[in-house]
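[1] need coordinates for the following:
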Amino acid sequence: MKSAAVVNYAPEPGSVEIREVDTPTIGEDEVLLEVANVGVCGSDLHQWTADHSWAVNYPVVLGHEFGGHIAELGSRVLGWREGDRVVSETAAVIDPNSPLCRQGFYNLDPTRKGFGYGVNGAMTRYVKVPARCLHRVPEALAFEQACLTEPCSVAYNAVVMNSRIRPGDRVVVLGPGTIGILCAAVASLCGAEVAIVGLEGDRHRLEIARSYGCEPIIGDATEWATRADGLGADCVIDAAGASMTLQIALKLVRPNGHITKVGWGPQPLNFSLDALVQKNVTLQGSFSHNWPIWEKVLSLLASGKLDVQPIIGGVWPVTEWQQAFEEMHSGRVVKSILKPA
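    Below you'll find the predicted structure:
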């Protein structure tokens, strides 16, 4: 059986289109997942506009934020049944014998290949998924929200696992995209005072961030960062898709403070890192997530403590992918969601 799929077929800008793809054949340790909803990630947009900085196996079906129902089980899959409601992690291919995988850090395995760039993703009706990637979705959690477990896990990893945030800390988040807003929301859950910084064109998204208890700032956040004692923010989370924002982070962070960079930026820095040394600042990268983080995030989503509904700008049929992409790319919505079936 064939299904419509959003396919990135070449490295040139705009090389994305709807194509008919065959239903995948699963292996003995895999399941066939019928996709209910799939979120559009900023990385999907970057592959569409061809300004990404990672290798892509063309042609590839896009989409790595997804959930749905199990339609078929591989012969060695245990603990799951057809019809189960699940979401999937993104690490589609890993080396289980690598030192990092043996420590549980398969997200950092250099051989890792993810859905939507390394192997076919979920912007289509059916996707094959290793059973090790699956997490059960509570009945009360709709797939429109559950499919955003992945970006929420990115934010949880950046804020909870990779930042030194304590209750009462002052935290600045740079960039009001999906990850930036979710980082701000998670930092608020940790008891921090949070400001989120954007540009004039980000007013709508900054107002959405306000609903998470964050103070929106357009432009320079120096006054907010230094308001307490004049020294700067305890932590700056750089969630902007540019390299230059690291320079802003170095300006805003206090001596002996912490910067966590979660936003990608392929551009050269072209500025001095002396402030990093002079301020004795910790600079931490944050990438992806692993199994325990997903379980924590699903618990937060199911309880309503982390509500992703404010960032969802609309749901489009997969055949209307371009409108969904353009709505996000223009900044009119924070998060677009596709419905393949």
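[2] wait, isn't residue 283 in contact with residue 259?
    Yes - between residue 283 and residue 259 there is a contact at 5.0 Å, judged by C-beta atoms under 8 Å. To be clear about C-beta, it is placed using only N, CA and C from the backbone, and glycine gets the same treatment.
[3] more neighbours, those two?
    residue 259 (24 against 16; other C-beta atoms under 10 Å).
[4] report the beta-bridge partner residues of that one.
    residue 236, residue 283 (DSSP bridges).
[5] measure it to residue 169 for me?
    13 Å (C-beta to C-beta, to the nearest Å).
[6] any common contacting residues for the two?
    residue 235 (C-beta atoms under 8 Å, 6 or more residues apart in numbering).
[7] and the closest residue in space to residue 11 that isn't next to it in sequence, what does it touch?
    Excluding its sequence neighbours, the residue lying closest to residue 11 (C-beta to C-beta, 6 or more residues apart in numbering) is residue 50, at 6.0 Å. Contacts for residue 50 (C-beta under 8 Å, 6+ apart) come out as 11-15.
[8] which residue ranges of the stretch 51-200 of the chain form strands?
    Under the criterion DSSP state E, counting those that start in this stretch, the stretch 51-200 of the chain contains strands at 60-61, 65-73, 85-88, 91-93, 113-114, 126-130, 134-136, 170-174, 193-198.
[9] any idea of the mean pLDDT for the second one?
    Summarised as a single mean, pLDDT over strand 65-73 is 98.
[10] stretch 138-150 now?
    On average, stretch 138-150 scores 97.
[11] spatially nearest residue to the residue nearest the centre of the chain (excluding sequence neighbours)?
    In the chain, the C-alpha nearest the mean C-alpha coordinate belongs to residue 151, at 2.9 Å (C-alpha atoms, centre = their mean). In space, and not counting its chain neighbours, residue 151 is closest to residue 178: 5.3 Å by C-beta to C-beta, 6+ apart.
[12] residue 329 versus the one you found, what's the distance?
    12 Å.
[13] those two: who's more crowded?
    Set side by side, residue 178 and residue 329 show more neighbours around residue 178, with 28 against 17, by other C-beta under 10 Å.
[14] list the contacts for the more buried one?
    By C-beta under 8 Å, 6+ apart, the neighbours of residue 178 are 41-42, 151, 311, 334-335.
[15] contact partners for residue 87?
    Neighbours of residue 87 in contact, by C-beta under 8 Å, 6+ apart: 66-67, 134-135, 137, 146-147, 149-150, 294, 298.
[16] at 7 Å what do you get?
    Listed by C-beta atoms under 7 Å, 6 or more residues apart in numbering, the contact partners of residue 87 are 67, 135, 137, 146-147, 149.
[17] look up which residues are beta-bridged to it.
    residue 67, residue 135.
[18] where do the domain boundaries of this structure fall?
    2-148+308-339, 153-285 (automatic domain parsing).
[19] can you list the ones you listed in TSV and add distance to residue 302?
    Formatted as TSV, the domains of the chain follow (distance: least, C-beta to C-beta, whole Å):
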stretch	distance to residue 302
domain 2-148+308-339	4
domain 153-285	14
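[20] before we move on, the earlier item: show me the contacts of residue 178 that map onto helices.
    If you go by DSSP state H, the contacts of residue 178 have 42, 151 in helices.
[21] narrow the contacts of residue 178 to just the buried residues.
    Buried subset of the contacts of residue 178 (neighbour count, 16 or more other C-beta atoms under 10 Å): 41-42, 151, 311, 334-335.
[22] quick one on the thing from earlier: surely the residue nearest to the centre of the chain is in contact with residue 179?
    Yes - using C-beta atoms under 7 Å, residue 151 is in contact with residue 179, at 6.0 Å.
[23] out of the buried ones among the contacts of residue 178, who's nearest residue 198?
    For the buried ones among the contacts of residue 178, the residue nearest residue 198 by C-beta to C-beta is residue 334; the value is 11.3 Å.
[24] separation between that closest one and residue 130?
    Distance from residue 334 to residue 130, by C-beta to C-beta: 30 Å.
[25] ok, back up a step: pick out the most distant pair among the contacts of residue 87.
    135 and 147 (11.8 Å).
[26] the more surrounded of these two?
    Each of residue 135 and residue 147 has its neighbours counted (other C-beta under 10 Å); residue 147 has more, 29 against 18.
[27] for residue 294, give me its contacts.
    Contacts of residue 294 by C-beta under 7 Å, 6+ apart are 89, 135, 149, 153.
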